[in-house]
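Trainee: Provided below are the primary sequence and the corresponding predicted coordinates.
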Amino acid sequence: MKYRPTVGEILQAKGVSRRGFLKYCATTASLLALPPSMIPRIANAIESARRPSVIWLSFQECTGCTESLTRSASPTVEGLIFDAISLDYHHTLQAASGDQAEAARHAAMEENDGSYLVLVDGSIPTGNPGYSTIAGISNVDMLMDTVKGAAAVVAIGSCAAFGGLPGADPNPTGAVSVQDLVTDKPVVNVPGCPPIPMVMTAVLAQFLTFGQIPDLDKHGRPLAFFGNTIHDRCYRRPFYEQGKFAETFDDEGAKAGWCLYKLGCKGPTTYNACATVKWNQGTSFPIESGHPCLGCSEPKFWDKGGFYQPLSTGHFGSGATVAGAAVAGVALGAVAAAAGRRRKAKYTKEA
Amino acid sequence: MDLLEFARGPALQFAALVLVAGTLWRIVGIAFLGKKPDYSEPRGPGGLGAALKVIWTRAFTAEPFKKATLYPKIMAYVMHIGLFATIFLFTPHIVFFEGWMGLDWPGLPNNVIYFIGVATVVSGFALIIRRATSPVLKLISNFDDYFSWFVTMLPLVTGLLIPVRALFRYEDLLAIHILSVALLLIWLPFGKLGHTFLVFMTRGTTGMVFERRGAKT
């Protein structure tokens, strides 16, 4: 049987120091809200894991999720962890194509039956099988065939988790999420447009360490990363409480870094780890760059009103409806007044 | 459609329609009701001046009742000023009004609003306890009094739960808060809360009638 190196051996070969690796494990433990005593267990589990087989399926997506993971300025430990797993099938990253690629997928499924992970990015069109095919196989068929022997499925990005942009109104392809189709396997949603790389690898680290998926919220997201709102962890939150808001993107408030609530920030209703884990090796996150949170890790975020419409804006429909209600009210009042006058006249006459 | 979308959309829209129609129904219905013929000789002009005078003088307690009504009067003022501040000077609310009417005005810091909100709730409870324990007030109170108090307090309490994230998640608390506001808007024109838009109209009318009859106002 072919020797399969452990993740630890692979990382060592790639020049990751013991110190750097333990730092990664400590960060992961911290992000997963685990006690420090769990760090050695995480390190041991990841180091000794025999290249867990991962099949990555890409459907209706923009490749942003893969870009998020692979386009780092310098190789990160989380990036190298992905190198270290046996990524047996990934349309974008694999060299093979056509029949060879499909053969690799089937081989990985057979060799690791019951223990491999399926990662999915992109939504799945159900309107017509021809909307999106790979090697002549529709996305629905490929997903359902691949997850049969999987230990768990991880929906990477908002498209796979909730339908995302392809599923936005009017949803021309009948796009659905992974959890809409896969109901007999554990499904973890790691939404975001794209998701944070650290979050993706931490979910895998949790799986490798404990052999089970993390605690999830009502939308199937790991609570460790999606348990708090952006607003609750935002460094601009004090400005919100002080009533200091940027009114436009270039006013004094914006320059002073005040709260972006009035510019449509969806931070109060968005659960993600951007404000704590941040992006590009912890450099910043959208709000730190002066842009309101779009709420990209929330279901149907494309269809929740304008990105730049403040969260507390009501949706009253058309002014014509309100005008109609006003006319109806005046008419009712006039009828009531006329009835009152008639009644009064009658009593006056009787008196 | 999740709960927040429902609250911000159809629920709020329905409540606004009921509020507009109900308010205009009440105002037009009363304004055009007409007066009973008054055959007595007028003791005063009973014009706009009399109306304005009573609107002003009724804002304060008459001397003989000052001592007896000091406590409820203070509580009522705290409650009404607090309601005004929490509704119209809280920035997310101002943003809401701006989105609705296009008008914008400065707000107070959120922490100040939270403090005012707590004071308003406390005054509201002080008033309802007084109403529920005073034998006289109990006699003259009905369902309308208690329900009007309830729908007024509900948005305040649910609103105050939001910053502390109590019991539910933020978006659910916000949805519950908006739904409680919708309930308030729906009830407002029909019960005693109608005094929100009728208070000056009715006081003014009283002033005009009283002056015409020669009563000291």
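Mentor: The structure has been received and is ready for your questions. What you see is a predicted model, and the numbers here were worked out from it, not measured in a lab.

Trainee: and the residue of chain B nearest chain A?
Mentor: For chain B and chain A, the shortest gap (C-beta to the nearest C-beta) falls at B:Val28, measuring 2.6 Å. To be clear about C-beta, it is placed using only N, CA and C from the backbone, and glycine gets the same treatment.

Trainee: that residue: what's it in contact with?
Mentor: B:Val28 makes contact with A:Gly329, A:Val330, A:Leu332, A:Gly333, A:Ala334, A:Ala336, A:Ala337, according to C-beta atoms under 8 Å, 6 or more residues apart in numbering or on different chains.

Trainee: what does B:Asp144 give?
Mentor: B:Gly191, B:Lys192.

Trainee: what is the helix or strand harbouring A:Gly333 packed up against?
Mentor: Taking DSSP states H and E as the criterion, A:Gly333 maps to helix A:319-350. For helix A:319-350, the elements it packs on are helix B:12-31, judged by 3 or more C-beta pairs under 8 Å, 6 or more residues apart in numbering or on different chains; DSSP states H and E.

Trainee: distance between the helix it packs on and the chain's centre?
Mentor: 15 Å (C-alpha atoms, centre = their mean, to the nearest Å).

Trainee: could you check the angle helix A:319-350 makes with it?
Mentor: 30 degrees (axes from the mean of the first three to the mean of the last three C-alpha atoms, to 10 degrees).

Trainee: what comes up buried for helix B:12-31?
Mentor: Buried residues in helix B:12-31, counted by 16 or more other C-beta atoms under 10 Å in any protein chain shown: B:12-30.

Trainee: now that helix: average pLDDT?
Mentor: Averaged over helix B:12-31, pLDDT sits at 93.

Trainee: show me the shaky parts of chain A.
Mentor: Low-confidence segments of chain A, defined by pLDDT under 70: A:1-4, A:48-51, A:71-86, A:316-318, A:349-351.

Trainee: spell out which parts of it neighbour chain B.
Mentor: Listed as neighbours of chain B in chain A under the rule C-beta under 8 Å from any C-beta of the partner chain: A:229, A:231-232, A:240-243, A:245, A:261-262, A:268-269, A:299, A:304, A:309-317, A:321-322, A:325-326, A:328-330, A:332-334, A:336-338, A:340-341, A:344, A:348.

Trainee: mark which of the residues you listed are buried, thanks.
Mentor: Buried among those (16+ other C-beta under 10 Å): A:229, A:231, A:240, A:243, A:245, A:261-262, A:268-269, A:299, A:304, A:310-314, A:316, A:322, A:325, A:328-330, A:332-334, A:336-337.

Trainee: ok and the residue in chain A nearest chain B?
Mentor: A:Gly333 (2.6 Å).

Trainee: and B:Phe200, that's in a strand?
Mentor: No. B:Phe200: not assigned to a strand; according to DSSP: H, G, I helix; E, B strand; the rest coil it is helix.

Trainee: wait, it sits on B:Trp56?
Mentor: No. At 10.3 Å, B:Phe200 and B:Trp56 do not qualify as touching, with contact defined as C-beta atoms under 8 Å.

Trainee: leaving out chain neighbours, which residue sits closest to A:Asp99?
Mentor: A:Ala135 (7.2 Å; C-beta to C-beta, 6 or more residues apart in numbering or on different chains).

Trainee: I meant B:Ser40, not that one.
Mentor: B:Ser40 sits nearest to B:Arg213 (C-beta to C-beta, 6+ apart), 7.4 Å away.

Trainee: which helix or which strand is home to B:Gly204?
Mentor: helix B:195-213.

Trainee: mean confidence score for that helix?
Mentor: 91.

Trainee: for it, name the packing helices and strands.
Mentor: With contacts defined as 3+ C-beta pairs under 8 Å, 6+ apart, the packing partners of helix B:195-213 are helix B:12-31, helix B:48-57.

Trainee: kindly reformat these as TSV containing distance to B:Pro37.
Mentor: Listed next are the helices and strands packed on helix B:195-213 as TSV, based on distance: least, C-beta to C-beta, whole Å:
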stretch	distance to B:Pro37
helix B:12-31	18
helix B:48-57	19
